[in-house]
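Colleague: Here is my input; please provide its structure:
(one chain, ligands or ions: 2)
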Amino acid sequence: MKFEVTILGSSSATPVFNRNPSAQLLNCNEKYYLIDCGEGTQHQLIRFNIKAARIDYIFITHLHGDHYLGLVGLLSSLHLNGRTKPMQIFGPKALLEILEIQFKYSDTTLRYPIEFFAIDATASAQIFENSDLLVKTIILNHRIPCTGFIFEQKQRQRKLIKEKTDEVPMAYYTALKKGLDVTLPNGEVLLSEEYTTPPEAPRSYAYCSDTLFDERYFSTITNCDTLYHEATFLHELLDRAKETHHTTALQAGEIATIVRAKKLLIGHFSSRYKTLQMLLEEAQSAFENTELAIEGRTFQL
Ligand SMILES: [Zn+2]
Ligand SMILES: [Zn+2]
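Modeller: Numbering: from 1, shown residues only. Ligands and ions are numbered 1, 2, ... in the order given. The predicted structure follows:
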């Protein structure tokens, strides 16, 4: 099953050096989930050839502009392009008010319904579930209420071995895929183990932006497969990071080690860094399997 993320924006605060503010597109089993929607996100979707119309779920971490100022533009374009299917949006309660006031004063009635889910930023909770995955909030420590999100794939069913099941009546497929053995009317027993292969292990993707280094959220992301963590500054600016409630690249690497992530992506780079190699090396000094969340790149999760 496809489980990958494409980076649309990796800049903190302002667009600079061709970097856009935060946004990522998660593709899970060909369903599209947008995570944050900084200014310019719809331009990035066009640039990377991603159809915005396919996005059905949007998750917004917090109300600093670099994480949501692209949302009204994106929602308006979808309206103008004739969307009718609902859009589910998960975010801080006040986000709905912001959206409504924008549409009120432009006398816009969207052609499609927005299903809005207000997030409680005080306690981690499951906020979404479908047949492919679960989404839970991560309670981050920022200047204003901020939640990250962890996307956890569900356990899949076993897979039929086609060459062996050609002769088996289809009515028995469901049981075999569930791992159940089947007894045929003639008394023959079909062992699930012989007719199927084990499913892929479910994987998880944790998205943490923006936050101070704070042990309280580590338990929510323990053992995640891929961790995206903000790394706004080099560690020499630790005081600045604390002041602005952000993380350094070294701390991002340390967090990945502490929570036993398999892979780390860092992003949300400060506008003071024209090149990012130093941030990468610093994070790698604490956690080797680190990569930069470079815009346009797609990472298998
Ligand atoms: Zn930010
Ligand atoms: Zn912020």
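Colleague: Smallest gap between the stretch 151-300 of the chain and ligand 2, at which residue?
Modeller: Asp210 (3.8 Å; C-beta to the ion). For every residue, glycine as well, the C-beta is placed using N, CA and C.
Colleague: Contact partners for that residue?
Modeller: Asp210 is in contact with 12, 61-62, 64, 67, 140, 142, 146, 230, 232, 245-247, 268, counting by C-beta atoms under 8 Å, 6 or more residues apart in numbering.
Colleague: Which pLDDT value goes with the residue with the largest distance to the centre of the chain?
Modeller: Largest separation from the mean C-alpha position in the chain: Asn186, at 49.9 Å (C-alpha atoms, centre = their mean). Reading off the confidence values, Asn186 has pLDDT 88.
Colleague: Let me know the helix or strand that it is in.
Modeller: Asn186 belongs to no helix or strand when assigned by DSSP states H and E.
Colleague: ok, now Ser131?
Modeller: With DSSP H and E as the criterion, Ser131 is inside neither a helix nor a strand.
Colleague: Identify the residues contacting it.
Modeller: Listed by C-beta under 8 Å, 6+ apart, the contact partners of Ser131 are Lys154.
Colleague: cool, Leu212 as well?
Modeller: Contacts for Leu212 (C-beta under 8 Å, 6+ apart) come out as 140-142, 241-242, 245-247.
Colleague: hmm, back to that, mark which of the contacts of Asp210 are buried, thanks.
Modeller: 12, 61-62, 64, 67, 140, 142, 146, 230, 232, 245-247, 268 (16 or more other C-beta atoms under 10 Å).
Colleague: which of these come close to ligand 2?
Modeller: His64 (C-beta under 5 Å from the ion).
Colleague: could you redo the buried ones among the contacts of Asp210 as a markdown table and give each row pLDDT and distance to Gln126?
Modeller: Converted to a markdown table, these look like this (pLDDT from 0 to 100; distance: C-beta to C-beta, whole Å):
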| residue | pLDDT | distance to Gln126 |
| --- | --- | --- |
| Ser12 | 88 | 28 |
| Thr61 | 98 | 17 |
| His62 | 97 | 19 |
| His64 | 96 | 25 |
| His67 | 97 | 22 |
| Leu140 | 97 | 17 |
| His142 | 97 | 21 |
| Cys146 | 97 | 18 |
| Glu230 | 97 | 23 |
| Thr232 | 97 | 28 |
| His245 | 96 | 25 |
| His246 | 97 | 27 |
| Thr247 | 97 | 25 |
| His268 | 97 | 25 |
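Colleague: out of the buried ones among the contacts of Asp210, which are inside strands?
Modeller: Under the assignment DSSP state E, the buried ones among the contacts of Asp210 contribute Glu230 to strands.
Colleague: Check the buried ones among the contacts of Asp210 against Asn29 and report the nearest one.
Modeller: Nearest to Asn29 among those, counting by C-beta to C-beta, is Thr61 at 23.3 Å.
Colleague: How about the contacts made by the closest one?
Modeller: 22, 35-36, 67, 91, 140, 146-149, 207, 209-210.
Colleague: What is the lowest-pLDDT residue among the residues you listed?
Modeller: Ser209 (89).
Colleague: hang on, isn't that residue packed against Gly267?
Modeller: Yes. Judged on C-beta atoms under 8 Å, Ser209 makes contact with Gly267 at a distance of 7.2 Å.
Colleague: if you count what's nearby, which of the two comes out ahead?
Modeller: Neighbours per residue, other C-beta atoms under 10 Å: of Ser209 and Gly267, the larger number sits with Ser209, 30 against 27.
Colleague: Backbone dihedrals for the more buried one, both of them.
Modeller: Ser209 adopts backbone torsions of phi -160, psi 130, taken as degrees, to the nearest 10.
Colleague: mind checking how far it is from Asn81?
Modeller: Using C-beta to C-beta, to the nearest Å, Ser209 is found at 29 Å from Asn81.
Colleague: Please pull out the lowest mean pLDDT helix or strand from this structure.
Modeller: Least confident helix or strand, the chain: helix 162-165 with a mean of 86, by mean pLDDT, DSSP states H and E.
Colleague: tell me what the next helix-or-strand element following that one is packed against?
Modeller: With elements assigned by DSSP H and E, the helix or strand that comes after helix 162-165 is helix 173-177. If you count contacts as 3 or more C-beta pairs under 8 Å, 6 or more residues apart in numbering; DSSP states H and E, helix 173-177 packs onto strand 159-160, helix 192-195.
Colleague: Mind listing what's buried along helix 173-177?
Modeller: Using 16+ other C-beta under 10 Å as the test for burial, helix 173-177 gives 173, 176-177.
Colleague: Around ligand 2, pick out the residues from the stretch 101-250 of the chain.
Modeller: Asp210.
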